[in-house]
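Engineer: One predicted model, sequence on top.
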Amino acid sequence: FEEVSCTWQLEMGDESVKCCICLDVSENLLFMPCCGSETSSIKYCDGCVKLICAADNTPKDTVGVCPICKKSFQMEFKVTSLKTFEVRGRCVMCCQGNKVLVSTDNLCENCLLGKAHPYRYTCDRCGRTQVIPHPMWRYQSSPDQFGSATWACHQQCNDYTHWKILSEDISKIPSSLLPNTWIPTQSDTESSLAAVRDMIGKN
């Protein structure tokens with residue numbers, strides 16, 4: 001484990017001494033060891049860190065999931081430091097080994113995300129539709145292309161095939177989770193912009 005001293009001494013009266021969750025003023029705030037730093041504006045009081053660990057569906061009550069980047073961290077007993085934390089094993093959903101498991105259900109990060117966002121996908125082989133509890137859209141270079149990753153087709157193929165999210169479900173994906181390749185750059189033509197807007201239901 002990589003241990004990081006996450007206590008930051010602050011001067012009272014500064015607006016930045018507030019915990020980003022409860023907004024209480026604290027002399028000692030903690031930043032996450034994964035995506036935080038001493039200069040981060042997002043910091044937490046020890047009470048909220050304990051609540052995060054108690055609320056998250058993680059293997060130990062001293063382990064929590066960062067609210068920002070969703071990586072796991074472990075709380076030290078005296079809550080003066082946090083350290084990155086990993087439980088590795090076989091994900092029960094995608095069946096891949098040596099994955100970082102982020103829940104007591106033994107799910108990897110992607111499958112935990114997919115469990116919260118189960119969408120309908122079309123199989124590239126049989127053309128049938130299946131609900132997949134895994135973010136298969138992340139492997140598509142564009143909304144109308146089949147993804148590079150495979151998933152078991154239980155409709156007809158009984159094999160691992162490639163998938164494409166149904167156009168009707170694209171608008172259900174939170175905008176923050178859309179792949180970068182789906183978001184046109186300024187150099188793209190207006191027709192390309194219009195096509196993507198149509199696909200994600202933004203027109």
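Structural biologist: Looks like it arrived, so ask away.
Engineer: Over to residue 144. Which of the three states is it?
Structural biologist: Classification of residue 144 using DSSP: H, G, I helix; E, B strand; the rest coil returns coil.
Engineer: Confirm for me that residue 18 is in contact with residue 42.
Structural biologist: No. In this structure, residue 18 is not within contact of residue 42 by CB atoms under 8 Å, at 10.6 Å. Quick note: C-beta positions are derived from backbone N, CA and C, even for glycine.
Engineer: Report the buried residues of stretch 146-161.
Structural biologist: Buried positions in stretch 146-161, judged by neighbour count with 16 or more other CB atoms under 10 Å: 146, 147, 149, 151, 153, 161.
Engineer: residue ranges of the helices in the chain, please?
Structural biologist: Assigned by DSSP state H, the helices in the chain fall at 46-55, 109-116, 167-170, 190-199.
Engineer: so what secondary structure elements neighbour the third one?
Structural biologist: Spelled out, that is helix 167-170. Helix 167-170 is packed against strand 119-123, with contacts defined by 3 or more CB pairs under 8 Å, 6 or more residues apart in numbering; DSSP states H and E.
Engineer: Could you pull out the strands in this protein for me?
Structural biologist: All strands of the chain, identified by DSSP state E, fall at 3-4, 7-9, 28-30, 63-65, 72-75, 82-84, 88-89, 99-100, 119-123, 129-132, 150-153, 159-165.
Engineer: Among those, which comes closest to residue 52?
Structural biologist: Closest to residue 52 of the strands of the chain is strand 63-65 (CB to CB; 4.0 Å).
Engineer: strand partners of the closest one, parallel vs antiparallel please.
Structural biologist: Strand 63-65 has its sheet partners listed here by DSSP bridges as strand 72-75 (antiparallel).
Engineer: could you measure the nearest residue to residue 106 once chain neighbours are set aside against residue 107, distance?
Structural biologist: Nearest residue to residue 106, sequence neighbours excluded (CB to CB, 6 or more residues apart in numbering): residue 92, at 4.8 Å. Going from residue 92 to residue 107 by CB to CB, to the nearest Å gives 7 Å.
Engineer: Who has more neighbours out of those two?
Structural biologist: Between residue 92 and residue 107, counted using other CB atoms under 10 Å, the more crowded position is residue 107 (22 against 13).
Engineer: Please name the residues that touch the more buried one.
Structural biologist: Neighbouring residues of residue 107 by CB atoms under 8 Å, 6 or more residues apart in numbering: 91, 92, 93, 101, 115.
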